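# Only the shape, not the letters, is given here:
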């Protein structure tokens, strides 16, 4: 008997800097937006790029890595599952939300201003070089 699974894999760029929040019970979480794109030809034969935005929810210690290595523009591969929830807004209207609960992720490339502490080399004068 086969097992049916709820699994999503996405590769895209972060649309916002990670903002880590804490629940009342002390669990860390963050909500991120990930942009993916698709390129296809329309009926007129023209190439069209379509961007999709996905809402990611990251729970627990994975947020430590997100905070250190990721910011807006970082390219990520994420794996997780689709989740659905609903709530009533201030006007009493029921709102439906689709999110991806991230199980794991891989940083594929850092954006230009990555937060990781990278060593910098001191400026050297050419006269000080030994060759």
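Looks like it came in fine. Predicted, not measured: the structure shown is a model, and the values here were computed from it.

# Isn't residue 57 up against residue 33?
No. Contact criterion C-beta atoms under 8 Å: residue 57 and residue 33 do not qualify, at 11.0 Å. Bear in mind the C-beta positions are built from the backbone N, C-alpha and C, glycine included.

# Thought residue 38 was touching residue 11, still the case?
No. Using C-beta under 8 Å, residue 11 is not in contact with residue 38, being 11.8 Å away.

# Have a look at those two and say which one is more surrounded.
With neighbours defined as other C-beta atoms under 10 Å, residue 11 and residue 38 compare such that residue 11 has more, 12 against 9.

# That one and residue 105, how far apart?
10 Å (C-beta to C-beta, to the nearest Å).

# where do the contact lists of those two overlap?
76-78 (C-beta atoms under 8 Å, 6 or more residues apart in numbering).

# Please pick the buried ones from the residues you listed.
Buried by 16 or more other C-beta atoms under 10 Å: 76, 78, out of these.
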